[in-house]
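Colleague: here's my sequence, what's the structure:
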Amino acid sequence: KDRMDMAVGVCYEVSTSNRTIKYRSNSVDGASLNAASQEYNKTWDLEFADGRYFTDSEGRAGSPVCVLGAEIADGLFDGEEPVGKQIKVMGRRVTVVGVFKREGEDMMGMSQDKNVLIPLNLAKSMFDVNNERYNPQVTVRGKENISLEEVESELKGQMRSIRRLKPGQEDDFALNKTTMLSNQLDIMFGVVDIAGLIIGGFSVLVGGFGIANIMFVSVKERTNIIGIQKSLGAKNYFILLQFVFEAIALCLMGGFLGLGLVYVLTVVFTKVLDVEIILYFRNIIKGIGWSVGIGLIAGFWPAYSASRLDPVEAIRS
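Modeller: Alright, predicted model coming up:
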């Protein structure tokens, strides 16, 4: 941390899963035990339902204290006040000083709800924190208004210096960035977009033919009315516009129905996946524009054929 000018927090973390946490006769299985150095609260955004984070003195001394995830607290205490109580973690008694707010799982299945967090110096007396089986990692969070590339460059230089790597030597460490996850999500959503375009294209094609057929049927059923209108002086463009506007109106009805369904789905998925999905105004305009365009194209030929009808033949029909 002292070497990094662009970091707001640097934290060493280890974790072990499938642990049993006990409080009197109650126990919770499958818990994750995380141990971290003092700046864990600076590298991650932590929210507390009750209590607090470790103090500096507790972290340095390796005091037997912990912070519980919401699900662990519910399973152990069943409505009791957790803060101040002692629980058993890997055979050690530790005092609960805080409880995280309930998070629920994100898209990647990650959550603090089943975690127990203890100071790293306490974990050193319980297991080998340098052992690969405990997934050791260093988490670095850059200062605001500093790009990820700048932080990465400084971190890479410091790591090479610490490991005494000569110029030209390959790195013997790996830097994992949050953008790696976002890039994977971008690729996934890109595939979904392509699939959506293909499905949407077929839907537009089928919908266009459907509207055209409806309009041809409408023209046939109203042939005598068209003849009467033309005999009373209606111009060809009036008949044409009449059916074109009708086709556009039908498409707009379907478009607004689709937009309403999309809005409902965005609300549902936002709540279920805990990811904000927004129906942007520009997408609404695009949807309306597509509806008008399809109505215009699908309705033009039936409208044109109606406008070219002979009034006498139309009335006789």
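
Colleague: how's this protein carved up into domains?
Modeller: Structural domains assigned to the chain are 7-145, 179-316, following automatic domain parsing.

Colleague: give me the helices and strands touching the lengthiest helix in the chain, please.
Modeller: When the chain is parsed with DSSP state H, its longest helix is helix 178-221. Secondary-structure packing of helix 178-221 (3 or more CB pairs under 8 Å, 6 or more residues apart in numbering; DSSP states H and E): helix 236-273, helix 281-307. C-beta: built from backbone N, CA, C; applies to glycine.

Colleague: tell me the buried residues in the first one?
Modeller: Read that as helix 236-273. The neighbour-count check on helix 236-273 (16 or more other CB atoms under 10 Å) flags 239-240, 242-244, 246-248, 250-252, 255, 259 as buried.

Colleague: for these, which one is nearest Glu144?
Modeller: Closest approach to Glu144 among the buried residues of helix 236-273 (CB to CB): Leu259, at 37.4 Å.

Colleague: measure the closest one to Phe77 for me?
Modeller: Per CB to CB, to the nearest Å, Leu259 is found 47 Å from Phe77.

Colleague: and Tyr12, by the same measure?
Modeller: Computed with CB to CB, the distance linking Tyr12 and Phe77 is 30 Å.

Colleague: low pLDDT regions in this structure?
Modeller: 1-2, 105-110, 177-186, 273-276 (pLDDT under 70).

Colleague: so which elements touch the longest strand along it?
Modeller: Ranked by residue count, the top strand of the chain under DSSP state E comes out as strand 7-23. Packing partners of strand 7-23 (3+ CB pairs under 8 Å, 6+ apart): strand 26-36, helix 40-43, helix 70-77, strand 86-89, helix 120-123, strand 137-142, helix 148-162.

Colleague: got the buried residues for the last one?
Modeller: Taking 16+ other CB under 10 Å as the basis for neighbour counts, the residues of helix 148-162 that come out buried are Val151, Glu152, Glu154, Leu155, Gln158, Met159, Arg160.
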